[in-house]
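K.L.:
Compute the structure for the input listed below.
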Amino acid sequence: MRLTILGGGGFRVPLVYGALLGDRGTGRVTDVVLYDTDAARLRAVTRVLGEQAAGVTDAPRVTATTDLDEALRGADFVFSAIRVGGLKGRAEDERVALAEGVLGQETVGAGGVAYGLRTVPVAVGIARRIARLAPGAWVINFTNPAGLVTEAMSRHLGDRVIGICDSPVGLGRRIARVLGADPREAFVDYVGLNHLGWVRGLRVAGRDELPRLLADPALLGSFEEGRLFGTDWLQSLGAIPNEYLHYYYFNRETVRAYQDVELTRGAFLSEQQARFYADAADPGVSALAAWDRTRAEREATYMAENRESAGAGEREEEDLSGGYEQVALALMRAISRDERTTLILNVRNRTTLSALDADAVVEVPCQVGADGAHPLATDPLPAHATGLVCAVKAVEREVLAAAGSGSRASAVKAFALHPLVDSVNVARRLLDGYTAVHPELAYLT
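P.N.:
Okay, here's the model as predicted:
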């Protein structure tokens, strides 16, 4: 089976390959094709993967190319993890937004809108080429903003594109762990959009254990989300929010914390990864060791500003191992081997959330098998969550409209409608600021 990774020179590709190395079942991935526009990054990551595979019998064969059509032909699965504009673009997203006093995070708020505006046209172009060159391939999208990009690609690939994210997996794992349950045996009732969802229940052997957690302040405050949001707020919600909702519930504090740091997250990662790629190009340096050191630092500093503003402390060691690569592997195995399983994924809504239309991509538990991923029926969200989900989905639709038409007015509307942008005039200045630094936005007129 052949897996093509778009963004194959990306820093997190070794996580995916590491998961593949541990899969010894029938029908496993035997060939990995790395595609990237940056040949130097491809060489660096290929070195890391070569060291990972040392001594592993029948490790998946790795080839690399800068030719997209060559990469796509013959693919059974396509994993999309591109970053239009690179980490420097992410840093500009943060800088422009923070100068206006609003959030510039890469998937939430003004930064997410800017990232979507320059990513969607590229993702749509890729989707069209997949439909033409590899119509039987399943596409796993990890490109951010994951829900928005998945919806854009689904207009050309239908249900053969499925979005993944590690946030719901990590949240469910933490809740199960604090309740003394095996995460593999727990059903996580998680509903919302990507980076905008809530755990409303955690069922073990048919019994919902979440009320026990919410009723115990000591237990509730013993894990990351309890410390991040505060036990009183979680008890008021009657649910455990995805960590990204901290940007909404504590926006003022978060923006202030981001304005006070010496380097924004994008700038930090840009500098950090530049050092890694330089080290990995040195034949006298172990590329895998350099990657391991960089990854550990990256994971430990994830959402550091949020944790500092909330007094949440350091991340727990168990949460430093990522997780999206295991979701991707489980998804591929379920489809290729018809191993029926339940995964939290980004898929078209159908009738899952009555407040949204059938084609809106949502993030919910899905039954997965050889015929793809199908969202499970769920209870409606409470009014406060429904309002937020509908508002953010309206923003995503304006981004899609702007990307499809090149309309500057639609782009301004996308910024202005976002709950974390507080003025139409701010929205106009944001778009001016972003078009000045991102050549990818020249299509907006």
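
K.L.:
Quick check: Gly136 is in a helix.
P.N.:
No: read with DSSP: H, G, I helix; E, B strand; the rest coil, Gly136 is coil and lies in no helix.

K.L.:
Nearest residue to the middle of the protein?
P.N.:
Ranked by distance to the mean C-alpha position of the chain (C-alpha atoms, centre = their mean), the top residue is Cys165 at 4.4 Å.

K.L.:
Point out where this protein drops to low pLDDT.
P.N.:
Counting by pLDDT under 70, the chain shows low-confidence ranges at 304, 307-310, 312-322.

K.L.:
Give the residue farthest from the middle of it.
P.N.:
Checked over the chain using C-alpha atoms, centre = their mean: the farthest-from-centre residue is Gly284, at 33.9 Å.

K.L.:
And the strands in the stretch 151-300 of the chain?
P.N.:
For the stretch 151-300 of the chain, applying DSSP state E, counting those that start in this stretch gives strands covering 161-163, 186-193, 196-204, 207-208, 240-241.

K.L.:
and the angle for the third one with strand 186-193?
P.N.:
What separates the directions of strand 196-204 and strand 186-193 is an angle of 160 degrees, with axes from the mean of the first three to the mean of the last three C-alpha atoms, to 10 degrees.

K.L.:
Which elements pack onto strand 196-204?
P.N.:
The contact analysis (3 or more C-beta pairs under 8 Å, 6 or more residues apart in numbering; DSSP states H and E) places strand 196-204 against helix 167-178, strand 186-193, helix 210-214, strand 240-241, helix 383-405. Bear in mind the C-beta positions are built from the backbone N, C-alpha and C, glycine included.

K.L.:
again with the second one
P.N.:
Contacts defined by 3+ C-beta pairs under 8 Å, 6+ apart place strand 186-193 against helix 167-178, strand 196-204, strand 341-348, strand 361-369, helix 383-405.

K.L.:
residues in contact with the helix or strand just after the longest one?
P.N.:
Okay, so that is helix 383-405. Counting by DSSP states H and E, the element after helix 383-405 in chain order, helix or strand, is helix 408-417. When contacts are defined by C-beta atoms under 8 Å, 6 or more residues apart in numbering, helix 408-417 is touched by residues 110, 113, 116-117, 391, 394-395, 398-399, 401-402, 421, 423-424, 426-428, 430-431, 441, 444-445.

K.L.:
repeat that with 7 Å
P.N.:
110, 113, 117, 391, 394-395, 398-399, 401-402, 421, 424, 427-428, 430-431, 444-445 (C-beta atoms under 7 Å, 6 or more residues apart in numbering).

K.L.:
cool, stretch 391-402 as well?
P.N.:
113, 116-117, 120, 148, 151-152, 193, 196, 356, 360, 407, 410-411, 413-414, 417-419, 444.

K.L.:
redo that, cut-off 8 Å
P.N.:
Contact partners of stretch 391-402, identified using C-beta under 8 Å, 6+ apart, comprise 113, 116-117, 120, 145, 147-148, 151-152, 193, 196, 356, 360, 407-408, 410-411, 413-414, 417-419, 444.

K.L.:
Cross-check the contact I'm expecting between the residue nearest to the centre of the chain and Pro145.
P.N.:
No: counting by C-beta atoms under 8 Å, Cys165 does not reach Pro145; the two are 10.1 Å apart.

K.L.:
where do the contact lists of the two overlap?
P.N.:
Overlap of the contact sets of Cys165 and Pro145 (by C-beta under 8 Å, 6+ apart) consists of 194-195.

K.L.:
mind checking the SS state of Gly10?
P.N.:
coil.

K.L.:
if I look at Val199, how far off is Thr264?
P.N.:
For Val199, the distance to Thr264 equals 29 Å [C-beta to C-beta, to the nearest Å].

K.L.:
Which residue ranges of the stretch 1-150 of the chain form strands?
P.N.:
Remark: strands assigned in the stretch 1-150 of the chain by DSSP E, counting those that start in this stretch are 2-6, 31-35, 61-65, 77-80, 138-141.

K.L.:
Ala71: which of these is closest?
P.N.:
strand 31-35 (3.7 Å; C-beta to C-beta).

K.L.:
Walk me through which strands that closest one pairs with, and which way each runs.
P.N.:
strand 2-6 (parallel), strand 61-65 (parallel) (DSSP bridges).

K.L.:
Kindly reformat those as JSON lines containing mean neighbour count and distance to Val255.
P.N.:
Shown next, in JSON lines, are the strands paired with strand 31-35 (neighbours: other C-beta atoms under 10 Å; distance: least, C-beta to C-beta, whole Å):
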{"stretch": "strand 2-6", "mean neighbour count": "25", "distance to Val255": "33"}
{"stretch": "strand 61-65", "mean neighbour count": "17", "distance to Val255": "40"}
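
K.L.:
can you pull the contacts of the nearest residue to Tyr434 once chain neighbours are set aside?
P.N.:
In space, and not counting its chain neighbours, Tyr434 is closest to Ala114: 4.7 Å by C-beta to C-beta, 6 or more residues apart in numbering. Taking C-beta under 8 Å, 6+ apart as the criterion, Ala114 is in contact with 93, 96-97, 104, 430, 434, 438, 441.

K.L.:
Settle this for me: Thr342 is touching Val364, isn't it.
P.N.:
No: the pair Thr342 / Val364 is not scored as a contact, 10.4 Å apart, by C-beta under 8 Å.

K.L.:
Which neighbours do the two have in common?
P.N.:
Counting by C-beta under 8 Å, 6+ apart, the shared contacts of Thr342 and Val364 are Leu376.

K.L.:
re the thing from before, could you flag which of the contacts of stretch 391-402 are buried?
P.N.:
113, 116-117, 120, 145, 147-148, 151-152, 193, 196, 356, 360, 407-408, 410-411, 413-414, 417-418, 444 (16 or more other C-beta atoms under 10 Å).

K.L.:
How is this structure divided into domains?
P.N.:
169-247, 252-310 (automatic domain parsing).

K.L.:
quick one, which of these is packed in tightest?
P.N.:
Across these, averaging neighbours per residue (mean count of other C-beta atoms under 10 Å) puts domain 169-247 on top, at a mean of 19.

K.L.:
Looks like Gly147 contacts Pro168 (just checking).
P.N.:
No: the criterion here is C-beta under 8 Å, and Gly147 misses it with Pro168 at 11.8 Å.

K.L.:
who touches both of these two?
P.N.:
With C-beta under 8 Å, 6+ apart, Gly147 and Pro168 have common neighbours Glu363.

K.L.:
dump the residue contacts of Ala53.
P.N.:
Applying C-beta under 8 Å, 6+ apart, the residues contacting Ala53 are 17, 21, 59-60, 62.

K.L.:
likewise Ile162?
P.N.:
138-141, 150, 331, 345-347, 372-373.

K.L.:
Tabulate those (TSV), appending neighbour count and distance to Ile82.
P.N.:
What follows is the contacts of Ile162, written out as TSV (neighbours: other C-beta atoms under 10 Å; distance: C-beta to C-beta, whole Å):
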residue	neighbour count	distance to Ile82
Trp138	22	17
Val139	25	12
Ile140	26	13
Asn141	31	10
Thr150	30	13
Leu331	23	19
Leu345	27	19
Asn346	28	16
Val347	25	20
Gly372	19	22
Ala373	25	21
